[in-house]
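Peer 1: kindly return the folded structure for what I paste below:
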Amino acid sequence: MSEHLAPLPHDLTPVIGCVGAGFIMADCHLPAYRAAGLNVQAIASRRPAAAAEVAKRHAIPTVHPDVCTLLDDQRLRVIDVAVPPDVQPEIIREACRRPHIQGILAQKPLAGSCSEAAGLVRAARESGTTLVVNQNMRYDHAVRACGKLLARGELGEPVLATIEMRAIPHWMDWQERQGWVTLRIMSIHHLDTLRWWCGLPRRIFTAVRPDPRTSRRFEHTDGICTSTLEYDSGLIATSLEDVWAGPAREGGESDCFVRFRVEGTEGLAVGTIGWPAWPEQVPSTLDYTTTAGGWQRPRWPESWFPDAFIGPMAELLRELEGSEPAVSTGDDNLLTMALVDAAYRSAQEHRAVDPREILAEAGVEASS
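Peer 2: Okay, here's the model as predicted:
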């Protein structure tokens with residue numbers, strides 16, 4: 001199954017400028033770009049010393065003193081943004097005001113709400129700037145391969161899909177000021193994947209509780225999260241984010257993992273996601289069987305972190321060169337943002353919520 005790899009652009013020459021010098025940029029984006037031969041020429045961060053350190057590590061020739069100076073660099077055709085979600089919107093708006101910038105790769109969550117994200121998508125559309133969102137779990141090799149099985153109908157009609165995460169993320173300090181934790185940072189990966197696999201559900205019901213470990217650092221509501229997605233077809237999908245995962249940091253034994261399972265009328269796919277072992281790079285796995293034959297167990301050397309991070313940037317560059325339309329666009333991501341906002345509303349109001357309710361409030365027409 002060679003389709004587990006996202007196709008690279010034919011043209012590797014467009015000049016890329018990077019905004020941000022944290023873990024995601026330094027340890028995921030840039031290693032993936034270097035391996036693919038992309039043309040990263042400049043970087044800037046709110047911490048110039050951090051930008052200089054990352055530039056040295058990845059042989060980036062230009063370190064700009066601030067973000068505005070980087071955005072004014074006329075050589076740049078693409079901006080890769082990896083900053084907190086309350087900082088990102090203004091950078092996207094500023095980039096859209098620079099005619100020489102043709103494409104923007106933004107982090108998820110695109111903004112703090114679907115309505116705010118819709119404004120960014122409109123700004124990109126009006127300026128003619130291609131906006132792609134780094135929903136990188138889609139490009140994990142097992143997740144992508146499972147998506148291909150579903151798209152080709154090899155599993156038949158989907159009946160039940162589950163993603164179960166029991167792992168302890170490395171939360172960032174900036175999350176304390178956001179007022180939320182898991183749904184927009186971790187659950188968004190799983191909800192986007194389920195939506196990519198199966199489409200936009202008719203409704204979502206979400207229950208949340210604080211994570212005992214994170215509660216020692218700051219107050220929050222969406223620590224441990226569980227969501228049930230219902231589809232008009234009868235399909236049920238579930239997502240569980242257990243970021244407590246037992247007292248593994250308090251002296252207990254660890255049992256951390258991420259698993260997925262998709263059951264169809266003609267097949268079954270089960271998989272594992274390797275990222276909880278980071279910094280060890282453990283490839284994800286996919287096993288599947290159909291009514292046409294026994295178990296198939298393809299294996300790949302690549303892992304989600306950092307290899308899958310080439311996927312969204314490759315999509316953006318292929319869109320710009322005209323070889324293939326991007327899929328994880330800003331417009332597409334509004335459906336994921338609406339699903340996440342619906343999860344928050346569901347948890348707050350203790351009811352199932354149709355994500356189209358959120359889209360209508362944001363002035364966005366549901367296309368899936």
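
Peer 1: wait, what's in contact with the nearest residue to G363 once chain neighbours are set aside?
Peer 2: Excluding the flanking residues, the one nearest G363 by C-beta to C-beta, 6 or more residues apart in numbering is A118, at 6.2 Å. From N, CA and C alone the C-beta is placed, and that goes for glycine too. For A118, the contact set (C-beta atoms under 8 Å, 6 or more residues apart in numbering) comprises 334, 362-364.

Peer 1: if we use 10 Å, what do you get?
Peer 2: 110-111, 330-331, 334, 337-338, 359, 361-364 (C-beta atoms under 10 Å, 6 or more residues apart in numbering).

Peer 1: name the member of these with the most neighbours.
Peer 2: The most crowded member of the contacts of A118, judged by other C-beta atoms under 10 Å, is M337 (32 neighbours).

Peer 1: assumed that one was part of a helix.
Peer 2: Yes. M337: assigned to a helix according to DSSP: H, G, I helix; E, B strand; the rest coil.

Peer 1: what score does it have for pLDDT?
Peer 2: The model reports M337 with a pLDDT of 98.

Peer 1: ok, back up a step: do you know how far the residue nearest to G363 is from P89?
Peer 2: According to C-beta to C-beta, to the nearest Å, A118 and P89 sit 11 Å apart.

Peer 1: for those two, list the residues in contact with both.
Peer 2: 110-111.

Peer 1: pull out the buried positions in stretch 82-98.
Peer 2: If you call a residue buried by 16 or more other C-beta atoms under 10 Å, then stretch 82-98 has these buried ones: 82-85, 88-89, 91-92, 94-96, 98.

Peer 1: end to end on stretch 320-329, go ahead and measure it.
Peer 2: End-to-end distance for stretch 320-329, by C-alpha to C-alpha, to the nearest Å: 12 Å.

Peer 1: SS state for the residue nearest to G363?
Peer 2: Here A118 is helix, with the state taken from three-state DSSP.

Peer 1: could you report the neighbour count for Q135?
Peer 2: With other C-beta under 10 Å as criterion, Q135 counts 25.

Peer 1: what pLDDT does it get?
Peer 2: Value listed for Q135 in the pLDDT field: 97.

Peer 1: which of the buried residues of stretch 82-98 sits closest to L320?
Peer 2: L320 lies nearest to A95 out of these, by C-beta to C-beta, at 14.2 Å.

Peer 1: what does the helix or strand encompassing the closest one rub up against?
Peer 2: Using DSSP states H and E, A95 maps to helix 88-96. With C-beta under 10 Å, 6+ apart as the test, helix 88-96 has contacts from 17, 19-20, 67-68, 70-72, 76, 78-79, 81-83, 101, 103-104, 106-112, 116-117, 119-129, 131, 330.

Peer 1: residues in contact with stretch 285-299: which ones?
Peer 2: With C-beta under 10 Å, 6+ apart, stretch 285-299 has contacts from 1-2, 4, 140-146, 149, 154-156, 259-260, 262, 264-274, 283-284, 300.
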